[in-house]
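Novice: output the structure for:
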Amino acid sequence: LQLMTDLYCERCPQSSFLYIVWTFVDECMHSQQQEQQQMLMTSLVRIARCTLQALDSEESFRERPYIVEDFYELFVLFLRKSPQPLLADDALMQRVFERAMDGLNLDHKSAHNAVCNFYREVLYFADTH
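Specialist: Residues are numbered from 1 along each chain as shown. So this is what the prediction gives:
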């Protein structure tokens, strides 16, 4: 996971790396081991910082729909599997939530759906807790 995060952030910000991280999270997030969950959260925070730098405008969302799609699907996965650590980081969630607004106008169906699913999960969690 560390290697994928490093490659994504430092060398090659491609959606394929986000998908690999998504797969790793999907397989490992059920772990009750605090150390493993912390490692996943640390990678997510780093990936979010790198991605949000690249997605800094509505135009950048249009230019990188596959990154938008995989990035917000990764957040949806975290919200479904382990929302507490993610939602405890108010600054991160605020930034991701605000940046997602630019994804609501995307013509790319999968990226648009990923952003909408992100908002649905946040609202669902808020409504049920």
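Novice: do I have it right that P85 meets Q36?
Specialist: No. Using Cβ atoms under 8 Å, P85 is not in contact with Q36, being 11.8 Å away. For glycine as for every other residue, the C-beta is placed from the backbone atoms N, C-alpha and C.
Novice: for the protein, which segments count as helices?
Specialist: Listed in chain order, the helices of the chain (DSSP state H) span residues 2-6, 15-28, 34-54, 58-63, 65-81, 83-88, 90-100, 109-128.
Novice: deepest of these, which one?
Specialist: Stretch with highest mean neighbour count among the helices of the chain: helix 65-81 (a mean of 22; mean count of other Cβ atoms under 10 Å).
Novice: for the record, mean pLDDT for it?
Specialist: Summarised as a single mean, pLDDT over helix 65-81 is 92.
Novice: flag the shaky bits of the protein, pLDDT-wise.
Specialist: Where the chain drops to pLDDT under 70, the residues are 15-16, 29-33.
Novice: now with 90?
Specialist: Along the chain, segments meeting pLDDT under 90 span 1-44, 47, 78, 80-88, 105, 125-129.
Novice: so what's the closest residue to L106 other than its chain neighbours up against?
Specialist: Distance criterion Cβ to Cβ, 6 or more residues apart in numbering; nearest residue to L106, sequence neighbours excluded, is H112 at 4.4 Å. Shown in contact with H112 (Cβ atoms under 8 Å, 6 or more residues apart in numbering): 103-104, 106.
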